[in-house]
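Student: Sequence first, then the predicted structure:
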Amino acid sequence: MNRRQFTCAVACLPLLASPVHAESACIFNTAGIAINGIDPVGYFSDQRPIDGSDQYRLRWRNVIWRFASLETMDAFERDPYHFAPRYGGFCSVSMASGTVSDTVPKAWSIRDGRLYLAETEPAMMAWKQEPSTYIDRADHYWPSALCG
């Protein structure tokens with residue numbers, strides 16, 4: 001076990017002993033796992049959603065993020081704000097109307113170097129027709145729509 005793996009293992013130990021308080025994270029998660037366990041860096045590197053692995057994971061913003069490789073985990077750790085989806089990974093279309101919805105991995109877009117997710121592929125198709133409008137509206141509501 002190398003130093004990085006050891007550090008990650010030690011950092012994850014508290015997760016085994018205590019519940020994750022996802023409601024304070026302002027990150028879309030299921031059972032404490034961010035964005036359905038998808039590697040957020042994969043959207044940028046492979047232009048598609050890639051399943052993350054329990055082997056490569058780290059805790060950021062009070063939830064666990066999974067990664068497909070050590071390289072993608074390192075990239076995220078160096079610049080999480082670049083790779084993490086906007087609006088905490090909640091639906092960008094719903095956020096534009098001040099509501100919060102879960103997202104699915106296949107409904108995504110990258111615009112101006114930022115990842116946006118949506119609750120359905122048709123919702124993301126609508127978002128892609130007027131991304132600036134949706135972003136302006138969603139920015140008005142985020143993060144107060146979820147995080148108070």
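Tutor: Arrived safely, thanks for sending.

Student: From now on I want contacts and neighbour counts done on CA atoms only, so please keep to that.
Tutor: Fine.

Student: so how far is stretch 30-44 off the chain centroid?
Tutor: Mean C-alpha position of stretch 30-44 versus that of the full chain (Cα atoms, centre = their mean, to the nearest Å) differs by 5 Å.

Student: What is the end-to-end distance of stretch 61-81?
Tutor: Terminal residues of stretch 61-81 lie 11 Å apart, using Cα to Cα, to the nearest Å.

Student: Any buried residues in that stretch, and which?
Tutor: 62-69, 72-74, 76, 80 (16 or more other Cα atoms under 10 Å).

Student: from the residues you listed, which two are the most distant?
Tutor: Within those, 62 and 69 form the most distant pair, 20.9 Å apart (Cα to Cα).

Student: And stretch 103-110, how far out from the chain middle?
Tutor: The answer for stretch 103-110 is 10 Å, by Cα atoms, centre = their mean.

Student: any idea of the mean pLDDT in that stretch?
Tutor: Averaging pLDDT along stretch 103-110 yields 98.

Student: now do stretch 49-62
Tutor: 97.

Student: residue ranges for the helices of the protein, please.
Tutor: 3-17, 42-45, 70-78, 80-83, 92-95, 121-129, 131-141, 144-147 (DSSP state H).

Student: List the contacts of the second one.
Tutor: The one in question is helix 42-45. Residues outside helix 42-45 that contact it (Cα atoms under 8 Å, 6 or more residues apart in numbering) are 48-50, 68, 72, 83, 110, 115.

Student: Now do the buried residues in that helix.
Tutor: 42-44.

Student: What pLDDT does the model give residue 23?
Tutor: 44.

Student: Quick check: residue 81 vs residue 40, distance?
Tutor: Distance from residue 81 to residue 40, by Cα to Cα: 11 Å.
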